[in-house]
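J.: sequence-free structure coming up:
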């Protein structure tokens with residue numbers, strides 16, 4: 001059975017004119033809705049985060065919609081007199097992929113890379129590249145079609161190593177049917193070769209169902225999460241270490257037990273001294289998810305510290321499905337898909353204080369008349385050089401089909 005992301009999409013869609021200025025819970029910042037998806041050729045329901053180019057333009061994906069109803073890649077570009085213009089760079093047609101749930105990455109030449117969860121030659125998902133044309137427009141190329149045996153349903157994004165190889169995960173498929181970690185290497189004469197680095201095994205020890213992408217440490221080791229599986233069946237944090245001659249060795253760094261979190265849907269980040277940070281979508285003291293830190297022990301192993309337990313009651317968020325980002329002062333920022341004043345999700349900040357962390361809800365998304373600014377932010381945030389935060393909501397907005405927003409702390 002396919003491990004599923006928690007169902008947090010709201011069934012109600014509202015066609016009320018959206019406010020462009022958010023009212024924040026902290027009353028110390030403002031936000032702006034940059035774009036509301038209409039559900040036609042421009043796509044609908046963005047589930048992934050955004051990336052910025054050198055000019056401050058935003059790029060992302062929608063999981064559905066577009067001319068062929070299979071999802072899109074879009075750009076939001078600054079207008080000369082203010083505001084933003086959306087442009088669809090690519091509409092998927094099924095044969096070249098369908099339903100991109102993950103975000104994008106750039107290479108050094110300005111090409112975009114991403115994954116689609118299904119579609120492609122075998123219907124099991126793809127890895128794709130978008131290349132800008134000299135006279136305008138973009139050309140798409142499918143780099144790999146998953147066939148089930150090498151993985152199926154890639155929900156996470158991609159990362160590059162220093163040699164230009166791509167790495168990612170598939171949520172299911174592989175030898176044991178519960179997900180893989182893969183590498184794509186460019187061939188000298190063109191094309192790409194895929195190698196499965198690890199097949200997750202539902203043997204009660206290894207994790208199952210990785211939903212997010214990966215990160216590297218300075219030594220070239222890979223780190224990620226699995227949504228379920230592990231010793232307690234509540235998900236894991238894992239490391240993949242390259243062997244001296246060939247292959248990779250997987251080590252489960254931490255098994256969640258429910259009380260300290262369960263079902264980590266999002267990926268991880270490092271701080272500048274090698275500690276790992278992430279979220280779990282449920283579990284914790286209030287069963288509404290939590291933020292955690294993993295610290296490497298001197299003699300080996302890792303110690304988990306719960307930084308915040310979300311509580312659906314009151315103004316706090318619940319059900320975080322997104323990862324975290326740091327600012328220059330080591331504060332953490334993220335989103336919750338549910339909770340907040342209106343139950344439709346939040347933007348929050350965690351500030352280190354006195355050996356612990358203090359949470360501030362910066363914004364509660366609101367679906368009500370007069371403040372319809374989006375709902376259900378599944379993805380994490382992106383920060384520009386000025387400290388402004390950008391993100392997406394899967395639902396809500398003027399047409400009820402998702403938004404892109406900017407938030408200024």
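T.: Done, it's in. In this text, all values refer to a predicted model and were calculated from it rather than measured experimentally.
J.: helices of the stretch 51-200 of the chain, start to end?
T.: Along the stretch 51-200 of the chain, no segments are classed as helices by DSSP state H, counting those that start in this stretch.
J.: what bridges to residue 84?
T.: residue 78 (DSSP bridges).
J.: okay, it: pLDDT?
T.: We have a pLDDT of 94 for residue 84.
J.: thought it was touching residue 77?
T.: Yes: under the criterion of C-beta atoms under 8 Å, residue 84 makes contact with residue 77 at 6.7 Å. (Each C-beta comes from the backbone N, C-alpha and C, glycine too.)
J.: distance of residue 176 from residue 206?
T.: To residue 206, residue 176 is 8 Å away according to C-beta to C-beta, to the nearest Å.
J.: who touches residue 89 in this structure?
T.: By C-beta atoms under 8 Å, 6 or more residues apart in numbering, the contact list for residue 89 reads 59, 72, 73, 74, 75, 112, 130, 138.
J.: looking at those, which is nearest residue 65?
T.: residue 72 (6.4 Å; C-beta to C-beta).
J.: helix, strand, or coil at residue 224?
T.: Secondary structure assignment for residue 224 (DSSP: H, G, I helix; E, B strand; the rest coil): strand.
J.: ok so, going back, identify the farthest-apart pair in the contacts of residue 89.
T.: Between all members of the contacts of residue 89, the farthest pair (by C-beta to C-beta) comes out as 72 and 112, at 12.3 Å.
J.: and the two? Which one has more around it.
T.: Using other C-beta atoms under 10 Å, the more surrounded residue of residue 72 and residue 112 is residue 72, with 27 against 24.
J.: where does this structure dip in pLDDT?
T.: 1-29, 369-370, 409 (pLDDT under 70).
J.: and the strands in the stretch 251-400 of the chain?
T.: In the stretch 251-400 of the chain, the strands defined using DSSP state E, counting those that start in this stretch lie at 269-270, 276-280, 290-296, 302-309, 317-318, 325-326, 332-336, 338-339, 346-353, 356-364, 382-383, 389-393.
J.: which helices and strands does the fourth one pack with?
T.: Packing contacts for strand 302-309, counted by 3 or more C-beta pairs under 8 Å, 6 or more residues apart in numbering; DSSP states H and E, involve strand 248-255, strand 290-296, strand 356-364.
J.: cool, the first one as well?
T.: The contact analysis (3+ C-beta pairs under 8 Å, 6+ apart) places strand 269-270 against strand 276-280.
J.: swap in 10 Å and give it another go.
T.: strand 215-216, strand 276-280, strand 325-326 (3 or more C-beta pairs under 10 Å, 6 or more residues apart in numbering; DSSP states H and E).
J.: then the longest one?
T.: With contacts defined as 3+ C-beta pairs under 10 Å, 6+ apart, the secondary structure elements packing on strand 356-364 are strand 30-36, strand 290-296, strand 302-309, strand 317-318, strand 332-336, strand 346-353, strand 403-408.
J.: do the fifth one as well
T.: Helices and strands touching strand 317-318, by 3+ C-beta pairs under 10 Å, 6+ apart, are strand 332-336, strand 338-339, strand 346-353, strand 356-364.
J.: make a markdown table from those strands and add distance to residue 243 and mean neighbour count to it.
T.: Formatted as a markdown table, the helices and strands packed on strand 317-318 follow (distance: least, C-beta to C-beta, whole Å; neighbours: other C-beta atoms under 10 Å):
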| stretch | distance to residue 243 | mean neighbour count |
| --- | --- | --- |
| strand 332-336 | 34 | 27 |
| strand 338-339 | 42 | 26 |
| strand 346-353 | 37 | 20 |
| strand 356-364 | 37 | 19 |
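J.: would CSV of the strands of the stretch 251-400 of the chain with distance to residue 149 be doable?
T.: Shown next, in CSV, are those (distance: least, C-beta to C-beta, whole Å):
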stretch, distance to residue 149
strand 269-270, 32
strand 276-280, 29
strand 290-296, 32
strand 302-309, 32
strand 317-318, 38
strand 325-326, 35
strand 332-336, 35
strand 338-339, 36
strand 346-353, 40
strand 356-364, 43
strand 382-383, 35
strand 389-393, 33
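J.: so which of the helices and strands packed on strand 317-318 gets nearest residue 246?
T.: Across the helices and strands packed on strand 317-318, closest to residue 246 is strand 332-336 (C-beta to C-beta), at 37.5 Å.
J.: coming back round to it: identify the contacts common to residue 84 and residue 77.
T.: 57, 58 (C-beta atoms under 10 Å, 6 or more residues apart in numbering).
J.: residues contacting residue 233?
T.: Taking C-beta under 10 Å, 6+ apart as the definition, contacts of residue 233 comprise 202, 204, 207, 208, 255, 256, 257, 258, 262, 263.
J.: rewinding a little: which among the contacts of residue 89 count as buried?
T.: Burial by neighbour count, 16 or more other C-beta atoms under 10 Å: within these this picks out 59, 72, 73, 74, 75, 112, 130, 138.
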